[in-house]
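Novice: Any chance you can model this:
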Amino acid sequence: MTAFSRLPCDEAIARSVQGAAPCSPAAAPWVLAATILATSMAFIDGTVVNIALPALQSSLGATVSDAQWVVESFALFLAALLLVGGAAGDRFGRRRVFALGVILFTAASAWCGLATDITQLIIARAIQGVGGALLVPGSLAIISASFSEHDRGKAIGTWSGYSAITAALGPVLGGFLIDHLSWRYAFLLNIPIGVAVVALTYWHVPESRNESATGTLDWKGGALATIALGGIVYALIESANRGWTDRTVMAALVLGTAALAAFVVVERRHPAPMLPFELFKSRNFAGANAVSLLLYAALGGSLFFVPLNLIQVQGYSAAASGAALLPFILCMFLLSRWAGGLVARYGPKRPLVIGPTIAGLGFALFAVPGIGGSYWLTVLPAVLVLGFGMTVSVAPLTTTVMNAVGTSEAGVASGINNAVSRVAALLAVAVFGIVMTQVFAPALDRSLVAAHVPSATIQAVEAQRNKLAAIEVPSAVDAQTKRAVKLAIGESFVLGYRWVMLLGALMAFASAGVAFAMIEDRKPAPT
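Specialist: Numbers count the residues shown, from 1 in each chain. Here you go, the predicted model:
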C-alpha cells in the first residue's frame, strides 16, 4: 500500500449492513475506540513502511526489488482478499472476524519487527495483508451494526476524523522512531495497539452478522485472485533484474494470466461472487472504476519513490520525509466536505475531469527539481497541487460509484471500487519499478564513465545497481572519487524519478480522458 491510499471502506458499506442491533450507550465509546485504533494501526503501518524502506534497505542489504516486495506482499493479500474478508464478517460474525484480523495483523507486526532477513520480513508482511483483509472491512461494518440509524452518521464522522488524524501523524511518529531507534519500531508500535483493540473488542463490541446471508463464500475466487495478482506482480518486479526471457519470470506470468482467466470463469458461475460483473453494465460504474484504476495507479506507483528520493538522495531524515507530505493529507481533510458536494452541484463529469487533470500537474511538478533546494520551493508546490487534485477527485469518484448502483448493491460496489484502487497501486509499484531501473542503470553507467571513475570502482558500484540510490560506495576510494560516485548515483536516480513522475502525470491525464469519454454527466435527483 501507498502512503495515501483511500480510506478502507465507505459509508455505503455501513448503510448496507444487515443484522444490526445497536449497542448500549455505555459501550458506544469503546466500540468507536476499538474500530478507530484498529484502522489507525493499519493506516500507520501503511504510511510508515514506505518511509522505513531506506533504513531497512541499509540494515538488511535489500535490493529495490526486495523493497518493492515489502510493500507488495502486504498489498497483494489485502487487495485479493478484501471482499472475501468483508463477506466472512457478514457470515461468521463481524466481531469474530474483525478480532481474528487484528490478532493476525498484530502477530505479523511482531514478526516484522523481529525479522532477521528480508525474506522473513516479506512473509510477515504477507500475513499482515491477510489480517488487514479481515479487519479493514470490519471496522465500519461494526460501527454500523452497533449504532442506531440516528447515531450512525455521527459515529462514522468521528471514525473518519480520527482516522484522518492518524494518517497525518503516523508518518511523522514513525519517522521519529526510525531516526532515533530503528525501523523495527515502525512495526513493533502495532503490538500494544493490537492488544488494546482485541481487549476492547471482546469486552465491549457486540457480535452481529447478516442472518439472511446464504450460500458459500467465494474462497475459490479469492484464491485465484491472489494467484493471478501474485504471478503477474512477480513477473513485473523480477523482469527488471532477470529479463522477460527468464524461465521463472515467464512461468509466473503464464500462471498469473491463467489464474486471471480462471477467476473470470469462476466469478461468472458463482452464486455469490466477490466480483459481480453485471455491475459493470452501468456506464458510470465502469467509468468510475476505470478512472480509479488509472488515478490510484499513478498515486501508488509514484509515491513509492518519494521517500527514497527525499531520504537517500535529498538527505532528509525519516521524520522530515514523513512530514513532507503532511500538506497532502491536510488538504484532503480540510476540503473533503466541500469536494463531496461537487457532484450534486455540477454532476460527476466535471470534477472527474478537472480533479485528475490537476493531480497530473502535481505529478509533473515532482519531476522538476534536481538535487538539493529548499523544501518550500521544490517539494511543497507539487504536494499542494497533487493534494488539491486528489481532493477534487476522491469524493466525486466514490459518489459516482454509489450513485451508479441500487441501495442493495452499495456495499458490494464500494468494496469493488476500493479493491480496484488497491490493485491499481499494487500493479503500479511493480511497473514503475521497471521504468526506474531501466532509466537508472544506463544513466549511472554514463555518469561514472564521464566522471573518469576507476574501472574497479565502477564494477563495484554496478554490482549493486539493483539497490538504486542505496548503493554503497566502496570505502577504499578517495574522497574525490567518492563524491563523484555519490553524485552520479543521485543524478541517475533523479533522472529515473523524473520519468516515474511523468508517467504518473500521463496516467492521471489519461484518467481525466476516461472520465470525459465514459462518465455520463447527470446530477443526482434531489431528495
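
Novice: going forward, measure contacts and count neighbours with C-alpha atoms only.
Specialist: OK.

Novice: Flag the shaky bits of the protein, pLDDT-wise.
Specialist: Scanning the chain for pLDDT under 70 picks out 1-26, 148-153, 156-157, 160-161, 164, 167, 209-215, 407-411, 522-527.

Novice: and it, what are its domains?
Specialist: 1-217, 219-269, 281-527 (automatic domain parsing).

Novice: Now do the shortest one: distance to the chain's middle.
Specialist: Okay, so that is domain 219-269. Its chain's C-alpha centre and that of domain 219-269 lie 20 Å apart, by Cα atoms, centre = their mean, to the nearest Å.

Novice: next one: the first one
Specialist: How far domain 1-217 lies from its chain's middle: 13 Å, per Cα atoms, centre = their mean.

Novice: same question, stretch 476-492
Specialist: Mean-position distance between stretch 476-492 and its chain equals 34 Å (Cα atoms, centre = their mean).

Novice: Enumerate residues external to that stretch that contact any of its residues.
Specialist: The contact list for stretch 476-492 (Cα atoms under 8 Å, 6 or more residues apart in numbering) reads 313, 370-371, 439-441, 443-444, 447-448, 451, 453, 457, 468-469, 471, 473.

Novice: Among the residues you listed, the buried ones, what's the PyMOL command?
Specialist: Only the buried entries of the contacts of stretch 476-492 go into this PyMOL selection, using 16 or more other Cα atoms under 10 Å:
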select buried, resi 313+370+439+440+441+443+444+447+448+453+457+468+469+471+473
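
Novice: thinking again about what came up before, adding distance to L275, write the domains of the chain out as JSON lines.
Specialist: Output for the domains of the chain, formatted as JSON lines (distance: least, Cα to Cα, whole Å):
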{"stretch": "domain 1-217", "distance to L275": "8"}
{"stretch": "domain 219-269", "distance to L275": "6"}
{"stretch": "domain 281-527", "distance to L275": "7"}
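
Novice: What is the neighbour count of the closest residue to L310 other than its chain neighbours?
Specialist: Closest residue to L310 apart from its sequence neighbours, by Cα to Cα, 6 or more residues apart in numbering: Y316 at 5.4 Å. Number of residues near Y316 (other Cα atoms under 10 Å) recorded here: 17.

Novice: pretty sure Y316 is touching V306, no?
Specialist: No. Contact criterion Cα atoms under 8 Å: Y316 and V306 do not qualify, at 11.1 Å.

Novice: which residues of the stretch 1-150 of the chain fall in helices?
Specialist: Along the stretch 1-150 of the chain, counting by DSSP state H, counting those that start in this stretch, helices occupy 11-15, 28-60, 64-92, 94-114, 118-146, 149-180.

Novice: chain center to the helix or strand harbouring A339: distance?
Specialist: In the assignment (DSSP states H and E), A339 maps to helix 326-340. Centroid displacement of helix 326-340 relative to its chain, using Cα atoms, centre = their mean, is 18 Å.

Novice: cool, stretch 269-279 as well?
Specialist: Its chain's C-alpha centre and that of stretch 269-279 lie 25 Å apart, by Cα atoms, centre = their mean.

Novice: Using CSV, list the CA coordinates for it.
Specialist: Written as CSV, here are the backbone C-alpha positions of stretch 269-279 (Å, rounded to 0.1, in the frame of the first residue of the first chain):
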residue,chain,number,x,y,z
ARG,A,269,-20.6,-19.0,-12.3
HIS,A,270,-20.5,-18.4,-8.5
PRO,A,271,-23.9,-17.7,-6.9
ALA,A,272,-22.5,-15.0,-4.7
PRO,A,273,-19.3,-13.8,-6.5
MET,A,274,-16.8,-11.4,-4.9
LEU,A,275,-16.8,-9.5,-8.2
PRO,A,276,-20.3,-9.4,-9.8
PHE,A,277,-19.6,-8.4,-13.4
GLU,A,278,-23.2,-7.3,-14.1
LEU,A,279,-22.5,-4.1,-12.1
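
Novice: Give me the buried stretch members for that stretch, please.
Specialist: H270, A272, P273, M274, L275, P276, L279.

Novice: Other residues contacting that stretch?
Specialist: Under the criterion Cα under 8 Å, 6+ apart, residues 83-84, 215-218, 221-222, 267-268, 285-286, 405, 413, 416 lie in contact with stretch 269-279.

Novice: from those, which would you call buried?
Specialist: Among the contacts of stretch 269-279, those buried by neighbour count (16+ other Cα under 10 Å) are L83, V84, L217, D218, G221, G222, E267, F285, A286, V405, A413, I416.

Novice: Wait, the second one touches A223, no?
Specialist: What it means is V84. No. With contact defined as Cα under 8 Å, V84 does not count as touching A223 (9.9 Å).

Novice: Assess the claim that A99 and L200 are in contact.
Specialist: No. Assessed by Cα under 8 Å, A99 is found out of contact with L200, at 9.8 Å.

Novice: For those two, indicate the residue with more neighbours.
Specialist: A99 (24 against 20).

Novice: Now do the same contact list for the more buried one.
Specialist: Contacts for A99 (Cα under 8 Å, 6+ apart) come out as L135, V198, T201.

Novice: ditto for L295
Specialist: L295 neighbours (Cα under 8 Å, 6+ apart): P356, M507, A508, S511.

Novice: what's the answer for A515, then?
Specialist: Residues near A515 by Cα under 8 Å, 6+ apart: G287, A288, V291, K349, L352, V353.

Novice: Compute the distance between the first one and I354, please.
Specialist: By that I understand G287. Using Cα to Cα, to the nearest Å, G287 is found at 15 Å from I354.

Novice: Which one's more surrounded, the two?
Specialist: More crowded of G287 and I354, by other Cα under 10 Å: G287, with 23 against 19.

Novice: Which element, helix or strand, includes the more buried one?
Specialist: Element membership of G287, judged by DSSP H and E, is helix 283-303.

Novice: Please pull up the helix or strand immediately following that helix.
Specialist: Where DSSP H and E defines the elements, the next helix or strand beyond helix 283-303 is helix 306-308.

Novice: Return the distance of that following helix from the chain's centre.
Specialist: Per Cα atoms, centre = their mean, the displacement of helix 306-308 from the mean C-alpha position of its chain is 15 Å.

Novice: Does anything pack onto that helix? Which helices or strands?
Specialist: For helix 306-308, the elements it packs on are helix 28-60, judged by 3 or more Cα pairs under 8 Å, 6 or more residues apart in numbering; DSSP states H and E.

Novice: what comes up buried for the helix it packs on?
Specialist: For helix 28-60, a neighbour-count test (16+ other Cα under 10 Å) marks 28, 30-57 as buried.

Novice: The helices of the stretch 1-150 of the chain: which one's closest to I232?
Specialist: In terms of Cα to Cα, the element of those nearest to I232 is helix 64-92, at 10.7 Å.

Novice: And that closest one, what does it pack against?
Specialist: So helix 64-92, by 3+ Cα pairs under 8 Å, 6+ apart, packs with helix 28-60, helix 94-114, helix 118-146, helix 219-242, helix 410-450.

Novice: and the ones you listed as TSV, adding distance to V205?
Specialist: TSV is the format used below for the helices and strands packed on helix 64-92 (distance: least, Cα to Cα, whole Å):
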stretch	distance to V205
helix 28-60	5
helix 94-114	7
helix 118-146	8
helix 219-242	27
helix 410-450	21
